[in-house]
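In: Sequence first, then the predicted structure, then my questions.
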Amino acid sequence: MSTYVSLSDFAETWQREDPREIPPWVVAAHLPLDQLGVRERLEDVLDTVTALQRADWLEDGVYIGPSALGDTYKELLHCARRLHIAVPPAVAAGAPMSMQGAFGTDGRAFLYLSTFFLSGTTPEVKQFQLGRLCGHIAARQVTANTLYALVVDQNGLRSVARRAVGPILEVFMAPLSLGVRLALSHWHRAAELTADRAGLLCSRDMDGAGRALLKLTMGVNPTLTHQEYLDQLKRVHESSSPGKWAELMAARPWTHKRLKALEAFHDSEMYARLTGREPVPDALSDDELAARTTKLLGVG
């Protein structure tokens, strides 16, 4: 009997239980893969590419299971149950924290985790990060996320793709103009906020979620709270700063925006409904939450 979840196990279970409904906590951002009729062909390519990438990562990593990082495996099961998804296979390795992600396709997804992130963390911090990655699966964002990683050559995925499909890859990549890159970047930033919400739904601990985001930003366990971090930044952020334009091509919103978006979600009627809790005083309505999130996704 296997001690870890295989990709085929995940695919079979997820396809059998596929609800085809987007969860209400997903931050809306349109990416018309289905309307363009390219999803099936694209997923065939991505399945091949990510199979090679996963094989490379396993050379220096392990599948998470009861006998390998058992505590993390328990948190993974917890997150999968809370988000109502099949348990995904997860690979852990001594990789940079920025390489963590959900890769593959919507029907054949796996997680890649950094042992540097997992070490020395509380269960709530682990739940937030694992919940983030499982959130991409629940929101059916894995295909588009992996496409984005291929376009921007994240984690060396482009070189792996060349080995998998040959020179024809550049024929596929050539039409991807700056406009397409901008659209993908905007979609990806929204997907990151969606994942943050999923992480909070799993951990249900705003302080732990804030510490997890700060650890991802700084690379070490933070000694300050997320609120102290936000207070510290008030003096250095100016609306006239030219650095804000870098957001147009950024893979994710700046950390302070992610923290503010997460606070807004935590203080919303939607979060109260989804967690069965009493709303906080002056809880944000769904429309107010959407408006605030859209503003934080903007440049500036």
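Out: Yep, that arrived.
In: Residue 202 touches residue 78, doesn't it?
Out: Yes. With contact defined as Cβ atoms under 8 Å, residue 202 counts as touching residue 78 (6.9 Å). C-beta here means a position set from N, CA and C on the backbone, and glycine is covered the same way.
In: Tell me where the model's unsure across the protein.
Out: In the predicted model, the chain carries pLDDT under 70 at residues 1-3, 16-20, 32-37, 153-181, 183, 235-250, 299-300.
In: again, 50 this time
Out: 1, 177, 239 (pLDDT under 50).
In: ok, which stretches of it are strands?
Out: 61-63, 90-93, 101-105, 108-114 (DSSP state E).
In: Make CSV from those strands and add mean neighbour count to it.
Out: Shown next, in CSV, are the strands of the chain (neighbours: other Cβ atoms under 10 Å):
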stretch, mean neighbour count
strand 61-63, 19
strand 90-93, 22
strand 101-105, 24
strand 108-114, 24
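In: which helix of the chain spans the most residues?
Out: The longest helix of the chain (DSSP state H) is helix 178-203.
In: What residues of that one count as buried?
Out: Residues 183-203 are the ones in helix 178-203 that count as buried (16 or more other Cβ atoms under 10 Å).
In: next one: stretch 138-156
Out: Residues of stretch 138-156 classed as buried: 138-152, 154-155 (neighbour count, 16+ other Cβ under 10 Å).
In: about what we covered before: could you tell me which residues touch both of residue 202 and residue 78?
Out: Taking Cβ atoms under 8 Å, 6 or more residues apart in numbering as the contact rule, residue 202 and residue 78 both touch residue 127.
In: residues touching residue 71, list them.
Out: Per Cβ under 8 Å, 6+ apart, neighbours of residue 71: 123, 126.
In: where along the stretch 201-300 of the chain do the helices fall?
Out: 206-218, 226-233, 255-266, 269-275, 286-297 (DSSP state H, counting those that start in this stretch).
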